[in-house]
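Trainee: could you look at this predicted model? Sequence included:
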Amino acid sequence: MTSVTVVFPREIKNIVVDIQTGRLTKLALQVLVDGNEPSGLLRDYFSKKRPGKTYRKIVAGLIFFLLRNKKALFLAVSPDLKGLGCETVIRGVLELTVFRTLSADLSLFSRNANIVKQDLQLKKIENSPLQTTKSLSFSKSYPKWIVSYFLLNDGLKRTLQLLDDSFRPNYICLRANSIKIKCPTLIKKLREKGIECSSSNNIPDCIYVRTEKKISELSLFKSGEFEIQDFGSQLIVKALNVKKHSTIVDFCAGAGGKSLAIGSLMRNTGVVYSFDISKNKIDKLKIRLARSGLKNIYPVLLSGLNDKRLNGFHLKASKVLVDAPCTCSGTFRHNPHLKWKVSNMLLKELTKRQGEILEKASYLCSQGGTLMYATCSLFKDENERVIENFLKSNTEFFVQPLDNSYVKNLLEELKESVFIDKLGGVTLFDPRISKYGFYFINLTKKC
Ligand SMILES: C[S@@+](CC[C@H](N)C(=O)[O-])C[C@H]1O[C@@H](n2cnc3c(N)ncnc32)[C@H](O)[C@@H]1O
């Protein structure tokens with residue numbers, strides 16, 4: 001559990017008052033009950049209150065801290081607040097969060113003796129030497145079922161890595177759009193605008209940026225010189241190893257992050273069909289496409305897996321990418337609300353859906369072509385097991401080792417950051433280079 005130490009006495013005082021008068025407590029309650037990404041609720045809260053930038057930043061930090069450390073915080077306050085109403089407990093949890101993360105002055109809190117005791121209790125929970133499912137669930141603040149899942153499937157050492165979110169990268173990853181600009185030129189232009197950035201050691205067009213500025217407001221973004229895309233997502237596209245003039249299907253294209261990267265790598269030749277069932281996502285893809293300068297992307301809004309138009313693509317694509325809908329467990333570090341939202345039942349539903357999508361997408365793959373499966377999940381059920389099941393009933397496919405020299409070298413360079421499973425699937429999990437964790441595997445259809 002990391003804490004942010006900021007010293008803004010006026011804002012902290014205001015925040016404590018907002019907790020005690022119930023305003024912030026209500027927001028925290030909504031965030032915990034709602035279970036969705038908290039930015040919408042934070043936006044509503046700020047639009048009513050209209051606070052300054054510092055207040056906003058601190059409150060957003062408190063809410064994310066609360067979501068990340070919910071279990072440990074509630075356990076720490078529970079002996080003092082047992083039997084009291086929900087609002088009182090949440091107020092207690094928020095006060096403890098303020099005390100812990102903002103080094104707030106004790107005199108601000110009415111129950112200051114309790115806060116010191118609770119903070120000690122919190123430290124004890126965080127540093128619990130026990131590594132049982134129960135103790136890890138409290139010390140790392142994860143639902144018990146996720147801890148048991150990782151322990152069972154990944155062993156203790158890896159579970160500890162997967163649950164540890166003490167390091168949260170403060171960078172944004174960009175992809176230079178090589179159709180419009182060379183990476184060194186983009187870096188130079190970003191630096192001229194006072195933006196701290198550096199190129200990735202592993203992927204030539206990938207740039208790490210550290211800035212407080214809103215990157216999407218830069219004219220360089222509006223004119224399509226770069227896209228915001230995480231390292232792992234760019235790595236998946238590199239591993240697809242597309243060739244100019246080919247026909248590619250991006251079956252779950254979403255808002256087109258990977259489609260655009262593929263189109264750019266193909267230097268505006270060939271064709272990329274970008275399928276999705278979400279109109280909202282396809283509309284967003286069209287906006288990004290207009291910025292990109294690419295002419296080789298064709299967005300297609302599908303009605304579902306039985307969309308008749310899919311028949312026309314039978315055996316047509318030399319590469320099919322299935323970036324399947326998943327629990328997004330590789331993004332928990334940044335989206336802590338998701339760890340409370342995902343359930344074992346949802347995992348089962350998604351696993352079934354992933355199998356169905358992969359099966360359908362495989363029809364589009366040409367003989368000798370590549371079918372790449374990817375997720376941003378760290379759950380084996382959504383990765384390795386989907387592939388095992390698929391291979392059982394689709395014997396014309398086999399796992400293609402990622403052995404073209406470029407990708408092989410890349411994976412060698414990344415050996416500290418990736419884990420290769422027994423099938424040959426790659427899990428990337430290293431927040432130092434990729435904000436999110438990803439899984440991908442390449443299958444080939446026999447000729
Ligand atoms: C992980 S997201 C894709 C992200 C995207 N590839 C990117 O790089 O930005 C999964 C996508 O699958 C789409 N999806 C779900 N079911 C689908 C189906 N049956 N056919 C096509 N797309 C589907 C969802 O709408 C969602 O946009």
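Mentor: Perfect, thanks for sending it.
Trainee: list the contacts for the closest residue to the ligand within the stretch 101-250 of the chain?
Mentor: Residue nearest to the ligand within the stretch 101-250 of the chain (Cβ to the nearest ligand atom): Ser233, separated by 5.5 Å. Quick note: C-beta positions are derived from backbone N, CA and C, even for glycine. Listed by Cβ atoms under 8 Å, 6 or more residues apart in numbering, the contact set of Ser233 reads 257-258, 261, 436, 438.
Trainee: what count of nearby residues applies to Ser178?
Mentor: Residue neighbour count, defined by other Cβ atoms under 10 Å, stands at 15 for Ser178.
Trainee: domain parsing for the protein?
Mentor: 9-127, 172-228, 231-445 (automatic domain parsing).
Trainee: residues of this protein that sit close to the ligand?
Mentor: Contacts of the chain with the ligand, taken as Cβ under 6 Å from any ligand atom, map to 233, 251-255, 257-258, 275-278, 281, 302, 304-305, 323, 325, 357.
Trainee: kindly recompute the last result at 5 Å.
Mentor: 252, 254, 257-258, 276-278, 281, 305, 323, 325 (Cβ under 5 Å from any ligand atom).
Trainee: returning to that earlier point: what's the farthest-apart pair in the contacts of Ser233?
Mentor: Ala261 and Tyr436 (15.2 Å; Cβ to Cβ).
Trainee: tell me where the longest strand sits in this structure.
Mentor: The residue-count maximum for a strand in the chain (DSSP state E) belongs to strand 365-375.
Trainee: wait, what's in contact with the residue with the shortest distance to the centre of the chain?
Mentor: Geometric centre of the chain, nearest residue: Thr331, 2.9 Å, by Cα atoms, centre = their mean. Residues in contact with Thr331 (Cβ under 8 Å, 6+ apart) are 338, 376, 435-437.
Trainee: and for Lys360?
Mentor: Counting by Cβ under 8 Å, 6+ apart, Lys360 has contacts 251, 305, 310.
Trainee: these two touch, right, the second one and Gln354?
Mentor: No - no contact is recorded between Leu305 and Gln354 when judged using Cβ atoms under 8 Å, the distance being 11.8 Å.
Trainee: before we move on, back to that, let me have the domains of the chain in JSON lines, adding distance to Gln161 as columns.
Mentor: JSON lines is the format used below for the domains of the chain (distance: least, Cβ to Cβ, whole Å):
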{"stretch": "domain 9-127", "distance to Gln161": "16"}
{"stretch": "domain 172-228", "distance to Gln161": "20"}
{"stretch": "domain 231-445", "distance to Gln161": "7"}
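Trainee: any weak-confidence spans in the stretch 1-150 of the chain?
Mentor: Scanning the stretch 1-150 of the chain with the threshold set as pLDDT under 70 gives 1-7, 112.
Trainee: burial check on the closest residue to the ligand within the stretch 301-447 of the chain, number of neighbours?
Mentor: Nearest residue of the stretch 301-447 of the chain to the ligand (Cβ to the nearest ligand atom) works out as Asp323 at 3.6 Å. By other Cβ under 10 Å, 24 other residues sit near Asp323.
Trainee: show me the contacts for it.
Mentor: By Cβ under 8 Å, 6+ apart, Asp323 lies in contact with 236, 250-254, 258, 374-375.
Trainee: neighbour-wise, give me the winner out of the residues you listed.
Mentor: Top of the contacts of Asp323 by neighbour count (other Cβ under 10 Å): Asp250, with 33 neighbours.
Trainee: my guess is that residue meets Gly257, correct?
Mentor: No - using Cβ under 8 Å, Asp250 is not in contact with Gly257; the gap is 9.5 Å.
Trainee: what's next to stretch 183-201, contact-wise?
Mentor: The contact list for stretch 183-201, computed with Cβ under 8 Å, 6+ apart, reads 173-174, 176, 181, 204-211, 213, 215, 218, 220, 225-226, 231, 413, 433.
Trainee: and those residues, which are buried?
Mentor: With burial judged by 16 or more other Cβ atoms under 10 Å, the buried subset of the contacts of stretch 183-201 is 173-174, 176, 181, 205-209, 211, 218, 220, 225-226, 231, 433.
Trainee: tell me which of those fall in strands.
Mentor: Per DSSP E, the subset of the buried ones among the contacts of stretch 183-201 in strands is 173-174, 176, 206-209, 226.
Trainee: now these as CSV including pLDDT and distance to Thr185?
Mentor: As requested, those are exported to CSV (pLDDT from 0 to 100; distance: Cβ to Cβ, whole Å):
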residue, pLDDT, distance to Thr185
Cys173, 98, 18
Leu174, 98, 13
Ala176, 98, 8
Cys206, 98, 15
Ile207, 98, 11
Tyr208, 98, 17
Val209, 98, 15
Phe226, 98, 11
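Trainee: all strands for this protein, in order.
Mentor: 172-176, 196-199, 206-210, 226-228, 247-250, 271-276, 297-301, 317-323, 365-375, 397-399, 418-420, 426-428, 438-445.
Trainee: adding distance to Phe8, write those strands out as CSV.
Mentor: As requested, the strands of the chain are exported to CSV (distance: least, Cβ to Cβ, whole Å):
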stretch, distance to Phe8
strand 172-176, 25
strand 196-199, 23
strand 206-210, 21
strand 226-228, 29
strand 247-250, 45
strand 271-276, 43
strand 297-301, 46
strand 317-323, 41
strand 365-375, 40
strand 397-399, 54
strand 418-420, 41
strand 426-428, 37
strand 438-445, 37
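Trainee: how far does stretch 396-404 sit from the chain's center?
Mentor: 27 Å (Cα atoms, centre = their mean, to the nearest Å).
Trainee: how about the CA coordinates for it, as CSV?
Mentor: What follows is stretch 396-404, C-alpha atoms only, in CSV (Å, rounded to 0.1, in the frame of the first residue of the first chain):
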residue,chain,number,x,y,z
GLU,A,396,-6.2,-28.0,-38.2
PHE,A,397,-4.7,-25.4,-36.0
PHE,A,398,-1.4,-25.6,-34.1
VAL,A,399,0.6,-23.2,-31.9
GLN,A,400,3.1,-21.3,-34.0
PRO,A,401,6.1,-20.4,-31.9
LEU,A,402,6.8,-16.7,-32.1
ASP,A,403,10.1,-17.4,-33.8
ASN,A,404,10.5,-14.9,-36.6
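Trainee: what comes into contact with it?
Mentor: By Cβ under 8 Å, 6+ apart, stretch 396-404 touches 239, 241, 362, 370-371, 387, 390-391, 408, 411, 423-426, 441-446.
Trainee: go again with 10 Å.
Mentor: Stretch 396-404 has contacts (Cβ atoms under 10 Å, 6 or more residues apart in numbering) with 238-241, 358, 362, 365, 367, 370-372, 387, 390-391, 407-408, 410-411, 420, 423-426, 440-447.
Trainee: which parts of that stretch are buried?
Mentor: Neighbour-count burial for stretch 396-404 [16+ other Cβ under 10 Å]: 397, 400, 402.
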